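In: how would this look folded up:
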Amino acid sequence: MPRATVDITPEGQRPDEDPSLAVRNNGGAPPSTEPAPAGRREALLLLSFGGPEGHDDVMPFLENVTRGRGIPRERLEEVAEHYHHFGGVSPINDQNKALIAALEKELSAAGSDLPVYWGNRNWAPYVEDTWARMAEDGIEHVYVLATSAYASFSGCRQYHEDIARARVATASPARPGGPTAEKLPHYYDTPGFVQANADALAAALATLPAELRDGARLVATAHSIPDTMAAVAGPDGHAYEAELMAAAERVVAQVAPDRPFDLVWQSRSGPPSVPWLEPDVNDHLRVLAQAGETAVVLFPVGFVSDHLEVIWDLDNEAKQTAEEVGLAFARAATAGTHPAFVESMRGLLEERRAGGLPRLGTDCPASCCFVQSHRRSPADTAANGRPQLS
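Out: The predicted model follows:
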């Protein structure tokens, strides 16, 4: 039976969005190699996707995400059931609050009183409102930490565009665009992100029966994206898939050196006519079972927190698939608020504030990872795809 789906992936821009906005309005400033000026009022912004906070928020949220794309109402109602299954609340909100609290504690312990703000692309607190609040608070420069560790249009460039849109909305004669901003670099290869994922993978392995642990297949998962987007390289020439492979290799090397693993994809969205990265995690589990594997451990290295996409796609659908094909199943946690991950984020921030040289392959201008959005017909919109859930 076809799943309730709708095309609400983050890679497409709404018709009212200008894809050159971030570049023209300098939404993300080039990394500075000079220390922050003494006395400048600075802040850290956690920038994320957003999600509903209750049953009444679900449809307005989905309408927000799909605005301008002609999605049929009945299709949105089907997808809304995913959220209603969890009380209408997206886990990403509490997870972001927990990460902010952890960052504030980490900064305070290091002797920093840098304020931490929170803004979202698709739901309150909207980044535009947060930017206005920072301007009112007298913040002059913002370091932006996005809840995506990798290069890609939706994982990096679109966050530059969110910043640009917020600066335009906050512009005034006295301070055009409000605070200046720079996005912190990709962090898929930072020691803390790798350590957090490695610890989670080890813990997941330990939940399997002892006789299955050594032979369990390790499978890294990440959000699938269109092939055309995946082919766009980041600042070091590495594309999304290469960065994910590099992160997964580091994680496995800490837990089970020289052990083979697979990188597969989840959360596919969009019309079937548009090629996306494959194989899908559920298809891969079936192939593993046919090949004689008896156990599998999934580690979602492509995600920062256990939001609805991770829970729905892995803890529900992938787990069910594993049971159907006779695979023992375990799923590792994401980085979340792991102390090593939080410490690495503080390190990135302090490195940037001190005017450290850009990190090779992880710093990028707002013009990186640009791809034109896929223009969809009503027929494509109604086609069976997978939603972006958060």
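
In: any idea which element T337 lies in?
Out: For T337, there is no helix or strand it lies in under DSSP states H and E.

In: Who are the contact partners of the residue nearest the centre of the chain?
Out: Ranked by distance to the mean C-alpha position of the chain (C-alpha atoms, centre = their mean), the top residue is S148 at 3.5 Å. By C-beta atoms under 8 Å, 6 or more residues apart in numbering, S148 lies in contact with 154-156, 159, 304. Just so you know, the C-beta spots here come from the backbone N, C-alpha and C atoms, and that holds for glycine as well.

In: now do A248
Out: With C-beta under 8 Å, 6+ apart, A248 has these contacts: 220, 261, 263, 299, 301.

In: Which ones among those residues map onto strands?
Out: Per DSSP state E, strands hold the following members of the contacts of A248: 220, 261, 263, 299.

In: any idea how far P179 lies from T337?
Out: 26 Å (C-beta to C-beta, to the nearest Å).

In: Look at the closest residue to D129 other than its chain neighbours and report its pLDDT.
Out: Counting by C-beta to C-beta, 6 or more residues apart in numbering, D129 lies nearest to G119, which is 7.4 Å off, once chain neighbours are set aside. Listed pLDDT for G119 reads 98.

In: G119 and L47 touch, don't they?
Out: Yes. The criterion here is C-beta atoms under 8 Å, and G119 meets it with L47 at 5.5 Å.

In: Scan the contacts of A248 and report the most crowded one.
Out: Using other C-beta atoms under 10 Å as the neighbour test, those are led by V301, with 32 neighbours.

In: quick one on the thing from earlier: so how far is S344 from the residue nearest to the centre of the chain?
Out: As judged by C-beta to C-beta, S148 and S344 stand 15 Å apart.

In: same thing with L114?
Out: L114 is 16 Å from S344, by C-beta to C-beta.

In: Those two - which one has more neighbours?
Out: Neighbours of L114 and S344, each counted by other C-beta under 10 Å, are more numerous for S344; the result is 22 against 18.

In: Would you mind giving the secondary structure of the more buried one?
Out: helix (DSSP: H, G, I helix; E, B strand; the rest coil).

In: What sits closest to it if chain neighbours are left out?
Out: Counting by C-beta to C-beta, 6+ apart, the residue nearest S344 is G192, at 2.7 Å.

In: and the one you found, backbone torsions?
Out: For G192, the backbone dihedrals are phi -70, psi -40 (criterion: degrees, to the nearest 10).

In: My read is that it contacts T337, right?
Out: No. In this structure, G192 is not within contact of T337 by C-beta under 8 Å, at 11.2 Å.

In: higher neighbour count, those two?
Out: The neighbour comparison of G192 against T337 (other C-beta under 10 Å) goes to G192, with 20 against 17.

In: And the more buried one, how close does it get to L327?
Out: In this view, G192 and L327 are 31 Å apart by C-beta to C-beta.

In: now the contacts of A248 as JSON lines including pLDDT and distance to D94?
Out: Below are the contacts of A248 laid out as JSON lines (pLDDT from 0 to 100; distance: C-beta to C-beta, whole Å):
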{"residue": "A220", "pLDDT": "98", "distance to D94": "25"}
{"residue": "F261", "pLDDT": "98", "distance to D94": "30"}
{"residue": "L263", "pLDDT": "98", "distance to D94": "29"}
{"residue": "F299", "pLDDT": "98", "distance to D94": "22"}
{"residue": "V301", "pLDDT": "98", "distance to D94": "22"}
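
In: Tell me the one of those nearest A110?
Out: V301 (26.9 Å; C-beta to C-beta).

In: Would you mind measuring from that closest one to V264?
Out: Distance, V301 to V264, using C-beta to C-beta: 11 Å.

In: any shared contact partners between those two?
Out: Counting by C-beta under 8 Å, 6+ apart, the residues touching both V301 and V264 are 220-221.

In: Can you find the helix or strand of the chain with the lowest average pLDDT?
Out: helix 378-382 (a mean of 28; mean pLDDT, DSSP states H and E).

In: tell me what the helix or strand encompassing L103 is packed against?
Out: Assigned by DSSP H and E, L103 belongs to helix 91-109. Contact here means 3 or more C-beta pairs under 8 Å, 6 or more residues apart in numbering; DSSP states H and E; on that basis helix 91-109 packs against strand 42-48, strand 116-120, helix 339-353.

In: can you put the ones you listed in a markdown table and add distance to E104?
Out: Putting the helices and strands packed on helix 91-109 into a markdown table (distance: least, C-beta to C-beta, whole Å) gives the following:
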| stretch | distance to E104 |
| --- | --- |
| strand 42-48 | 9 |
| strand 116-120 | 5 |
| helix 339-353 | 10 |
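
In: mind checking which of the ones you listed is nearest A169?
Out: strand 116-120 (11.5 Å).

In: The closest one packs against which elements?
Out: On a contact count with 3+ C-beta pairs under 8 Å, 6+ apart, strand 116-120 meets strand 42-48, helix 91-109, helix 127-136.
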